[in-house]
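Q: show me the folded form of this:
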Amino acid sequence: MGQQAERRDETKNSVDGSDVGGSVIQAGSIVYLIRNGLRKVEVLVGAAVLTALAVLGGLLLPNWLGGGSSSAQGPPSAPGHPVADTDTSAWNCWESAVVPGMKITSQGLRPLEKFPRGGVRASGSSISIVLQGSNDEELILTGARTEIVARHRPVRGLHVVNPCGSEAPQRLFTVDLDRSSASLKAVPDDRPDTGGSPFRGWPYAIKRGDAEYFVVRAQSTKYDTEFRLAVAWRSGDRSGTLRLDDHGKPFRITADTAADQTCIARKGQAIYWLMPAASSTCPEER
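A: Model prediction:
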C-alpha cells in the first residue's frame, strides 16, 4: 500500500601587518565595532572591501569564463521506490463480516448500510491497494506474498453479507491465508453482474503519475489471521520489498466457520433481506 541539513558559511577574514591582528568578523556597522582610531577603521574598511571583491570575483568569474552559464548543479535526485495506499474501510458489494454478539431472529435483518461496528472482516473480503513510484523512474513489481503476523481461532458471532447490484470490474487477486507466505494470484472478477475483467499476472510497471490499482481478496477457512503483504520490486540492478499494512497495524481476516450463518433472501420483489441460514425463505443455492 519517502531531509536536508543547512550548512553554515564559516569563512573568516584575516588582517595582518597592522594594529588589528587575527580574525575579523564583520557584523553590522564597522564604525561601532572599532573605536581606537581612524587607522584601524581604514584598515578594516579596506579589508572588508577586498574580501567583498574576492567573494564577488569567485562568484562571477566562473560565469564569465563559461560564457554566462553557471556550472553549479543541484544534488542528484534520490532513487525511485514504490509508495502505496491501502484501504480496508469500504463496505462494497458482497463484502462480509463476523459481528460478535449480534443476533438474528426469524424475521431477519435489513442489510447493513455500512461496515458493522465491532465486526471483523470475513473470508473473501477485499483490501484495496494503489501502488505508484516516488519519481519518474520506472519500477517493476514482480510479485507479492503474505507475511503472517498471528493466527487465532475463528471469530464467533453473526456472519453478515452486503448484497447489492453490479459494480465495475476490478483487477482482482486472491490469497490463501491458511498457507504461510502464500503468493497473490491474479483471477477474473467473478462477482455477479460485473461481466468479469481482463487479468494477467506479474510483472507490472509503475512510476509517479502512473499507478496500478489492485483488489486483494483474502480467504481463510481455519483462522482469524493477522498479516501483512510484501510486494517485491526491481529497477535496473536495484531491488527491494515494500511491506503493506492497514495504516500501522496488520490486516485482519477471519474465517466464518465459527459464526452463525445467514442467507440473502428476497422480501417482496426487489428488496434484499438477511435471514437465518435455516429459514425456509433462503434460496436453495446460496
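Q: contact partners for the closest residue to Val99 other than its chain neighbours?
A: Using Cβ to Cβ, 6 or more residues apart in numbering and skipping the chain neighbours, the partner closest in space to Val99 is Gly119 (4.3 Å). The way it works is simple: take the backbone N, C-alpha and C, and place the C-beta from them, glycine included. Residues near Gly119 by Cβ atoms under 8 Å, 6 or more residues apart in numbering: 97-100, 157, 160.
Q: could you flag which of those residues are buried?
A: Buried positions within the contacts of Gly119, assessed by neighbour count (16 or more other Cβ atoms under 10 Å), are 97-99, 157, 160.
Q: nearest spatial neighbour of Pro250, chain-adjacent residues omitted?
A: According to Cβ to Cβ, 6+ apart, the nearest residue to Pro250 is Glu226 (4.0 Å).
Q: go ahead and confirm that neighbour touches Arg121.
A: No: under the criterion of Cβ atoms under 8 Å, Glu226 makes no contact with Arg121, lying 11.5 Å away.
Q: the closest residue to Ser125 other than its chain neighbours and Ala255, how far apart?
A: The shortest distance from Ser125 to any residue other than its chain neighbours is 5.2 Å, reached at Glu95 (Cβ to Cβ, 6+ apart). Distance check for Glu95 against Ala255: by Cβ to Cβ, to the nearest Å, it reads 15 Å.
Q: before we move on, the earlier item: list phi and psi for the residue nearest to Val99.
A: phi -80, psi 160 (degrees, to the nearest 10).
Q: what are the buried residues along the top strand by length along the chain?
A: Counting residues, the longest strand found in the chain (DSSP state E) is strand 139-152. By neighbour count, and taking 16+ other Cβ under 10 Å as the criterion, the buried residues in strand 139-152 are 139-141, 144-146, 148.
Q: would JSON lines of the residues you listed with distance to Thr221 be doable?
A: Written out in JSON lines, the entries for the buried residues of strand 139-152 read as follows (distance: Cβ to Cβ, whole Å):
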{"residue": "Leu139", "distance to Thr221": "35"}
{"residue": "Ile140", "distance to Thr221": "34"}
{"residue": "Leu141", "distance to Thr221": "29"}
{"residue": "Ala144", "distance to Thr221": "21"}
{"residue": "Arg145", "distance to Thr221": "19"}
{"residue": "Thr146", "distance to Thr221": "15"}
{"residue": "Ile148", "distance to Thr221": "15"}
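Q: dump those residues into a markdown table; add distance to Gly236 and pLDDT as well.
A: What follows is the buried residues of strand 139-152, written out as a markdown table (distance: Cβ to Cβ, whole Å; pLDDT from 0 to 100):
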| residue | distance to Gly236 | pLDDT |
| --- | --- | --- |
| Leu139 | 10 | 95 |
| Ile140 | 10 | 95 |
| Leu141 | 15 | 95 |
| Ala144 | 21 | 95 |
| Arg145 | 23 | 96 |
| Thr146 | 27 | 96 |
| Ile148 | 32 | 97 |
